[in-house]
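In: Dropping the sequence and predicted coords here.
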Amino acid sequence: MAINIDSVYKTVLSILNKEQRGFITPSQFNKVAEQAQLELLEKNFYEYNRFLNRRNNNGYANIPEKIKEKIDVFYKISGDITASSSIADLPTDLYKLVDVRIGDVSVEQVDQYEFSYLNQSPLTKPSASFPVYYISSSAGASGDFSLATNQITLAGPSDDATIKVHYIKRPAVPNWHFLTSNGQYVFQSSSSLTQHFQLHNSQQADLIIKILNYSGVTIKDPEIVQAAAQQEANNVNQENA
């Protein structure tokens, strides 16, 4: 399930050109497309939590379930990961961590300060039946934390336990790949470098509005920004009605 990037780009261009508002190049589009996709994914988590606290109907009117479907597009389970000396690297495409499991046992996440506290008491000391972990980061080979690898430190299981990570993966970076011919941008639909949006199909309209908002900033047209923001606000009001 994906949203065709060429369809989105053509729609954005059509709206911008309708009233001669300007033009956004493929390179500019690709930059704002990535940010727009991430913002909508993050919005899904916010909306899911918000509607869980409200009374909802069943079936098609079950709003949390519909939002969950949008998030589940990115749900992933890692292969076996060995925690060497109780430390395990998290998947490189991780966006949000859902669960860590050792066999059928779910490992409880704690803060790093709680980790030491739990080990101090025999009653709370982690064990194979009550394993815990905290998230840490390891600097890159050069000692640069901008190249850090996310890791978890485990307590309770054996030093070389095998874990599986349940998580929401980071969407692939969208890319409207093109070649230039006679001054025209030609979309390369069959290229391996072309990457469509990975959001749920139902979010295509929201995606276009979000990109139009950024496009107005890029081509310095405040009216486009204002119109896109107003449309987005209208959509939110309809959802809350």
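Out: Yep, that arrived.
In: Quick one: residues contacting the residue nearest the centre of the chain.
Out: Centroid-nearest residue in the chain: R170, 4.5 Å away (criterion: C-alpha atoms, centre = their mean). Shown in contact with R170 (C-beta atoms under 8 Å, 6 or more residues apart in numbering): F74, D93, L94, Y95. To be clear about C-beta, it is placed using only N, CA and C from the backbone, and glycine gets the same treatment.
In: per-residue pLDDT, it?
Out: For R170, the pLDDT comes out at 94.
In: quick one, domains of this structure?
Out: 5-73+171-240, 76-169 (automatic domain parsing).
In: Would you pull up how far the shortest one lies from the middle of the chain?
Out: What it means is domain 76-169. 21 Å (C-alpha atoms, centre = their mean, to the nearest Å).
In: cool, the first one as well?
Out: Its chain's average C-alpha position is 14 Å from that of domain 5-73+171-240, according to C-alpha atoms, centre = their mean.
In: longest helix anywhere in the protein?
Out: Looking across the chain with DSSP state H, the single longest helix is helix 26-52.
In: Tell me what angle the helix or strand just after that helix forms with helix 26-52.
Out: Downstream of helix 26-52, the next assigned helix or strand under DSSP states H and E is helix 63-72. Relative orientation of helix 63-72 versus helix 26-52 (axes from the mean of the first three to the mean of the last three C-alpha atoms, to 10 degrees): 140 degrees.
In: Let's test this: mean pLDDT of the longest helix of the chain, rounded?
Out: 90.
In: what helices or strands is it leaning on?
Out: helix 5-18, helix 63-72, helix 204-218 (3 or more C-beta pairs under 8 Å, 6 or more residues apart in numbering; DSSP states H and E).
In: what is the mean pLDDT for the last one?
Out: To tie it back to what came earlier, the one meant is helix 204-218. Helix 204-218 comes out at a mean pLDDT of 83.
In: Report the inter-axis angle for it versus helix 26-52.
Out: Using the same axes, to 10 degrees: helix 204-218 against helix 26-52 is 130 degrees.
In: Helix 204-218 vs helix 5-18, what angle?
Out: Using the same axes, to 10 degrees: helix 204-218 against helix 5-18 is 50 degrees.
In: Determine the set of other helices and strands touching helix 204-218.
Out: Secondary elements touching helix 204-218 (3+ C-beta pairs under 8 Å, 6+ apart): helix 5-18, helix 26-52, helix 222-240.
In: Which helix or strand contains V186?
Out: Here V186 is assigned to strand 184-187, by DSSP H and E.
In: average pLDDT for that strand?
Out: Mean pLDDT, strand 184-187: 95.
In: same check, this time on stretch 72-90
Out: 92.
In: how far does it sit from the chain's center?
Out: Between the centre of stretch 72-90 and the centre of its chain there are 17 Å (C-alpha atoms, centre = their mean).
In: For the helices and strands packed on helix 26-52, please prepare JSON lines with the additional fields distance to S121.
Out: Shown next, in JSON lines, are these (distance: least, C-beta to C-beta, whole Å):
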{"stretch": "helix 5-18", "distance to S121": "54"}
{"stretch": "helix 63-72", "distance to S121": "37"}
{"stretch": "helix 204-218", "distance to S121": "49"}
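In: so which of those helices is the most packed in?
Out: Most buried of the helices and strands packed on helix 26-52 by mean neighbour count (mean count of other C-beta atoms under 10 Å) is helix 204-218; its value is a mean of 20.
In: can I have that helix written out in PDB, keeping just the CAs?
Out: The C-alpha coordinates for helix 204-218 follow below in PDB (Å, rounded to 0.1, in the frame of the first residue of the first chain):
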ATOM      1  CA  GLN A 204      -3.200  11.400   0.200                       C
ATOM      2  CA  ALA A 205      -5.400  14.500   0.500                       C
ATOM      3  CA  ASP A 206      -3.700  15.500   3.800                       C
ATOM      4  CA  LEU A 207      -0.300  14.900   2.200                       C
ATOM      5  CA  ILE A 208      -1.100  17.200  -0.700                       C
ATOM      6  CA  ILE A 209      -2.300  20.000   1.600                       C
ATOM      7  CA  LYS A 210       0.900  19.600   3.700                       C
ATOM      8  CA  ILE A 211       3.200  19.800   0.700                       C
ATOM      9  CA  LEU A 212       1.200  22.800  -0.600                       C
ATOM     10  CA  ASN A 213       1.900  24.600   2.700                       C
ATOM     11  CA  TYR A 214       5.600  24.000   2.400                       C
ATOM     12  CA  SER A 215       5.500  24.900  -1.300                       C
ATOM     13  CA  GLY A 216       4.100  28.300  -0.400                       C
ATOM     14  CA  VAL A 217       7.100  28.900   1.800                       C
ATOM     15  CA  THR A 218       9.500  27.700  -0.800                       C
END
